[in-house]
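Undergrad: The sequence and its predicted three-dimensional model are supplied below.
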Amino acid sequence: DYKLGSKFFEIGCGHGVVIKQFEETFDTVVDGCDLNILALSQISGTKGKIYCLNIFEKPKDLLGSYDGILLLDVLEHIYNDVEFLQNSLEYLKEDGVVIVNVPALNGLFSRYDSAAGHKRRYTKKMMRKLFFDCGITDVKNSYWGITLMPIAIIRKLVLLFVPQDKIISTGFKTPNKFSNLILNWLLKTENSLMRSPFIGTSIISIGRAKKSTEQ
């Protein structure tokens with residue numbers, strides 16, 4: 001629910017994969033920022049601008065500039081997610097769109113989460129409270145990745161027996177092309193059968209920041 005030609009800001013954009021997907025799928029421009037200079041150096045061919053930026057620096061020319069912000073797999077890395085999200089909202093225009101994706105369910109928290117720097121996994125209730133605490137309204141929360149639940153559970157168990165220095169490589173990568181095909185098929189099947197599953201490995205939350213930005 002946004003106007004064509006809207007301008008978005010992805011905070012924690014990494015290698016810019018989502019930026020390219022957004023710009024190719026929608027009629028929009030996406031600026032991005034991250035603190036990982038190496039990752040940023042690999043971004044090319046995007047419509048928007050790329051910044052090496054700590055959002056707490058708050059450059060005046062960016063505050064209140066965007067129709068929407070994207071925080072995809074970012075907040076789980078932050079100790080004080082309320083403070084981080086509140087500061088992220090300062091880059092929005094009034095009534096701007098907030099799109100957040102986070103890993104779901106602390107019961108799935110594994111050694112991979114710890115090695116990846118995750119502080120927590122979320123539930124819908126946690127996301128509603130987080131948005132409420134930040135003054136975000138019209139909140140829509142949806143679990144997704146229900147078909148990946150068995151894989152997440154197996155990963156958690158397998159990683160109990162993996163050396164510390166092998167956790168990320170073992171827990172993240174899929175073993176072969178066939179596995180990739182299976183994962184993609186599972187997600188496509190889920191999307192076609194269940195618009196909003198009752199549980200999943202991730203949560204996507206969308207809302208609107210109603211407060212005016214003070215600059």
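TA: Ah, there it is. Numbering: from 1, shown residues only.

Undergrad: what's near enough to touch the residue nearest to the spatial centre of the chain?
TA: Centroid-nearest residue in the chain: L72, 1.2 Å away (criterion: Cα atoms, centre = their mean). Shown in contact with L72 (Cβ atoms under 8 Å, 6 or more residues apart in numbering): 10, 12, 18, 99-101. All C-beta spots, glycine's among them, are computed from the backbone N, C-alpha and C.

Undergrad: repeat for D113
TA: Contacts here follow Cβ under 8 Å, 6+ apart; on that basis D113 touches 76, 103, 121.

Undergrad: Quick check: the residue of the chain positioned farthest from its centre vs R155, distance?
TA: Within the chain, F161 marks the point farthest from the mean C-alpha position, 28.8 Å out by Cα atoms, centre = their mean. Counting by Cβ to Cβ, to the nearest Å, the gap from F161 to R155 is 12 Å.

Undergrad: same deal with Q86?
TA: Q86 is 33 Å from R155, by Cβ to Cβ.

Undergrad: For I146, state which of the contacts of D113 is nearest.
TA: P103 (13.7 Å; Cβ to Cβ).

Undergrad: T201 contacts P150, correct?
TA: No: the pair T201 / P150 is not scored as a contact, 10.0 Å apart, by Cβ atoms under 8 Å.

Undergrad: For the two, indicate the residue with more neighbours.
TA: Comparing T201 with P150 by other Cβ atoms under 10 Å, the one with more neighbours is T201, at 19 against 10.

Undergrad: Against E83, how distant is that one?
TA: On the measure of Cβ to Cβ, T201 and E83 end up 26 Å apart.

Undergrad: Following element in sequence after the lowest-mean-pLDDT helix or strand in the chain, please.
TA: Every helix and strand in the chain was compared by mean pLDDT, DSSP states H and E; the lowest is helix 177-193, with a mean of 54. Downstream of helix 177-193, the first helix or strand assigned by DSSP states H and E is strand 202-209.

Undergrad: Quick check: mean pLDDT of that following strand?
TA: Average pLDDT, strand 202-209: 93.

Undergrad: list the helices and strands that strand packs on?
TA: Packing partners of strand 202-209 (3 or more Cβ pairs under 8 Å, 6 or more residues apart in numbering; DSSP states H and E): strand 92-103, helix 124-133, strand 136-144.

Undergrad: Can you list the low-confidence ranges for this protein?
TA: Within the chain, the stretches with pLDDT under 70 are 1-5, 168-195, 211-215.

Undergrad: Now do stretch 98-113: distance from first to last residue.
TA: One end of stretch 98-113 to the other measures 24 Å (Cα to Cα, to the nearest Å).

Undergrad: Please list all residues in contact with D133.
TA: Contacts of D133 by Cβ under 8 Å, 6+ apart are V82.

Undergrad: What's the separation between it and F161?
TA: Going from D133 to F161 by Cβ to Cβ gives 39 Å.
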